[in-house]
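>>> pasting the sequence and the predicted coordinates here, then a few questions.
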Amino acid sequence: MKLLVSLLVAGTLLLSGSFVILAQTDDCSGLIVAKCASCHSLKRVCRALGKKDLAQWQKTNERMVKKGMTVTDEELVRINKYLSGATSDDAICQ
């Protein structure tokens, strides 16, 4: 019985750790800080959160790339996806 309880507890801890890792991979706030805050305040980004959809963020960030933001295609996709679903309550605005 003790073995069964121990296995259940261990399994629960392993699964909860997996969900934390998945949540962290979707959160690219550190990437946004590195790429966006190098040129302007994040207040500017936070004011637009919840107001722009994915297409608008793509257009904005394509313009930022033309102005010199260095970002890979994969990073740009992650940034646009994150910003299009973020709100001013998210980590980057705290």
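Happy to help now that I have it.

>>> now the helices for the protein?
Counting by DSSP state H, one finds helices in the chain at the ranges 2-26, 29-36, 42-48, 54-66, 73-85.

>>> what about the third one, distance to the chain center?
So that's helix 42-48. Taking the mean of its C-alpha atoms, helix 42-48 sits 15 Å from the chain's own mean (CA atoms, centre = their mean, to the nearest Å).

>>> mind giving me the packing neighbours of it?
helix 29-36 (3 or more CB pairs under 8 Å, 6 or more residues apart in numbering; DSSP states H and E). To be clear about C-beta, it is placed using only N, CA and C from the backbone, and glycine gets the same treatment.

>>> so which residues make contact with the helix it packs on?
42, 45, 64, 69-71, 75, 78-79, 82-83, 90-92 (CB atoms under 8 Å, 6 or more residues apart in numbering).

>>> which two in these are spaced the farthest apart?
The distance between the two most remote of the contacts of helix 29-36 (CB to CB) is 23.4 Å, for Thr70 and Asp90.

>>> quick one, which of these two is more surrounded?
Asp90 (17 against 8; other CB atoms under 10 Å).

>>> got a list of what the more buried one touches?
Ser29, Leu49.

>>> which among the contacts of helix 29-36 end up buried?
Val45, Met64, Met69, Val71, Glu75, Arg78, Ile79, Tyr82, Leu83, Asp90, Ile92 (16 or more other CB atoms under 10 Å).

>>> about what we covered before: comparing the helices of the chain, which yields the minimum mean pLDDT?
Lowest mean pLDDT of the helices of the chain: helix 2-26, a mean of 49.
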